[in-house]
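Chemist: got a sequence here, can you build the structure:
(one chain, ligands or ions: 2)
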Amino acid sequence: MAAPARALYRTTLAASSIISPRHAPSLVRLCTLARGISDIATSAVPPHLAAPTPPPPPAHASPAPKPNNGGFVARTSFTTAGSITPSFFLGHHKAGLDRMKESVGSVSLVIECRDYRVPLASRNPLFESTLLGKERVVVYTKRDLGMLVLDDKTRDIMTRWHHPHTVFFSDTTSRGDIQTIVSYCQGVARENDSLTGLRILIVGMPNVGKSTLLNALRRAGTGNATKAAKTGGQPGITRKLSNTVKISGEEDGLIYVIDTPGVFVPYMPNPQTMLKLALVGSVKDSLVPLITLADYLLFQINRADPKLYKQWCAPTNDVLVWLRAVAKKTGKLLKGGEADVEAAAIWMLGRYRKGLLGRFILDDVKEGALEEWIQGEGKVEESETAARRRIRKEKSEARRKKGAGALGGAVE
Ligand SMILES: Nc1nc2c(ncn2[C@@H]2O[C@H](COP(=O)(O)OP(=O)(O)O)[C@@H](O)[C@H]2O)c(=O)[nH]1
Ligand SMILES: [Mg+2]
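Modeler: Ligands and ions are numbered 1, 2, ... in the order given. Below you'll find the model as predicted:
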């Protein structure tokens, strides 16, 4: 198929992913038909139809926090208290990145997974240079945790961010979502028409759902429901590049997918980005103080809707008031009946991650936000050297206090 027809086909197919999961499969079938027709009529497709320019951006700004709930006013900014480790670049991240660089030349398509709840924070600038010039599909995973029904405005803005790359939104339990991605890839495979099949590399930050997506694609494309890639709720489950996994046979377009370990950024200067990534489980909880993380969750919930926790607590901006109320209402008590705020924090974080404490996007999705984000990535709140110095100082301070405590005990 010639390039203009191919663009038309892809654009239509991408649109099918974002209309309604119920209608997606039939749209995909329609696309396949359209593809056949466009193959015949390639020369008749005018370039402006084959590669449509995206419509002008709608005026949209993310809703500003508003007073609600009997005069309660949510915080408009968050001040980070406590020490947040600004890096999570582990040995297997570096190794994963190196292997990704080696493999990228041998694949024809890259699927970049981003978490729908953190569309900006889950952007890894390291991928941009590594994947430069490679045909890419961006899949926003876990859309079910970010919003019950995919909102058109958000979808349109996020789709435009990545133009000309194709964008999909997926909930791996939605057959429609997954079938749409498989059908798109099958279209590319048929077009490539390679005897050895289309090779696809799946990349993304840790725990965004890469392996789960691979398994779901395989299930939809081959009917094989056994797990080809190990998955899990904590980062670091996939440590090596996987073997190639067949997700579609010759009859529909031969496709092999390679799973990769998640790769984090070497240095994360913005503590709030680190908090967002910790909330969605992309970095290990231990890198962020628990109460600070719960406080950031409270900050975000208050911006979304403080009524989300009304069964346990009246609207508040005070994390300890919040956690104590939750602990008391749910029986998380220490000896002597005192509220166990840490247990309450762990419980609330778990509920949020399962989608039981509201479904909302943590980044501000608005027109031009990606450009702003990219510019901001270079601006550091604290330089790497300063951060390392601060962490060294905090550690030695903690050791000194511990030593002094032990000494104090001995003297007494
Ligand atoms: N709710 C929901 N959870 C998902 C989805 N995709 C993946 N997950 C969960 O996210 C966690 C991480 O998935 P995994 O595939 O291991 O992530 P990876 O580290 O990127 O390979 C697992 O607990 C998955 O069950 C999704 O679309 N919706
Ligand atoms: Mg994995």
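Chemist: among the helices and strands of this structure, which one scores worst on average pLDDT?
Modeler: In the chain, no helix or strand scores lower on mean pLDDT, DSSP states H and E than helix 47-50, which sits at a mean of 31.
Chemist: next structured bit after it?
Modeler: With elements assigned by DSSP states H and E, the helix or strand that comes after helix 47-50 is helix 91-104.
Chemist: the helix or strand following that next one packs against which elements?
Modeler: Using DSSP H and E, the next helix or strand after helix 91-104 towards the C-terminus is strand 109-115. Judged by 3 or more CB pairs under 8 Å, 6 or more residues apart in numbering; DSSP states H and E, strand 109-115 is in contact with strand 136-141, helix 175-192, strand 198-204, helix 210-222. C-beta: built from backbone N, CA, C; applies to glycine.
Chemist: does any part of the longest one sit near ligand 1?
Modeler: No - Helix 175-192 lies out of reach of ligand 1 by CB under 6 Å from any ligand atom, never closer than 8.1 Å.
Chemist: distance from the chain centre to that helix, please.
Modeler: 21 Å (CA atoms, centre = their mean, to the nearest Å).
Chemist: report the rounded mean pLDDT for that helix.
Modeler: On average, the pLDDT along helix 175-192 is 95.
Chemist: show me where the stretch 251-400 of the chain has strands.
Modeler: Along the stretch 251-400 of the chain, the stretches classed as strands by DSSP state E, counting those that start in this stretch are 255-259.
Chemist: helices along that one, start to end?
Modeler: Under the criterion DSSP state H, counting those that start in this stretch, the stretch 251-400 of the chain contains helices at 271-279, 290-304, 319-330, 341-353, 369-377, 384-411.
Chemist: which residues sit against the first one?
Modeler: Okay, so that is helix 271-279. Defining contact as CB atoms under 8 Å, 6 or more residues apart in numbering, one finds that helix 271-279 is touched by 78, 80, 84-86, 88, 117-118, 121-122, 205, 268, 283-285, 287-288, 292-293, 296-297, 300, 349, 352-353, 362-363, 381.
Chemist: picking that back up, out of the helices of the stretch 251-400 of the chain, nearest to residue 224?
Modeler: Minimum separation from residue 224 across the helices of the stretch 251-400 of the chain (CB to CB) falls at helix 341-353, 28.6 Å.
Chemist: pull the CA atoms of stretch 194-213 into PDB?
Modeler: C-alpha atoms of stretch 194-213 as PDB (Å, rounded to 0.1, in the frame of the first residue of the first chain):
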ATOM      1  CA  SER A 194       8.400  -9.500   5.400                       C
ATOM      2  CA  LEU A 195       9.000 -13.200   5.300                       C
ATOM      3  CA  THR A 196      10.400 -13.100   8.800                       C
ATOM      4  CA  GLY A 197       7.400 -11.100  10.100                       C
ATOM      5  CA  LEU A 198       7.100  -7.700  11.700                       C
ATOM      6  CA  ARG A 199       9.300  -7.200  14.800                       C
ATOM      7  CA  ILE A 200       8.000  -4.900  17.500                       C
ATOM      8  CA  LEU A 201       9.800  -3.600  20.600                       C
ATOM      9  CA  ILE A 202       7.600  -2.700  23.700                       C
ATOM     10  CA  VAL A 203       9.300   0.000  25.800                       C
ATOM     11  CA  GLY A 204       8.200   2.300  28.700                       C
ATOM     12  CA  MET A 205       8.900   3.300  32.300                       C
ATOM     13  CA  PRO A 206       8.800   0.600  35.000                       C
ATOM     14  CA  ASN A 207       5.400  -0.900  35.800                       C
ATOM     15  CA  VAL A 208       3.400   0.900  33.100                       C
ATOM     16  CA  GLY A 209       1.900  -2.400  31.900                       C
ATOM     17  CA  LYS A 210       4.300  -3.400  29.100                       C
ATOM     18  CA  SER A 211       4.300  -7.200  29.800                       C
ATOM     19  CA  THR A 212       0.500  -7.200  30.500                       C
ATOM     20  CA  LEU A 213       0.000  -5.500  27.100                       C
END
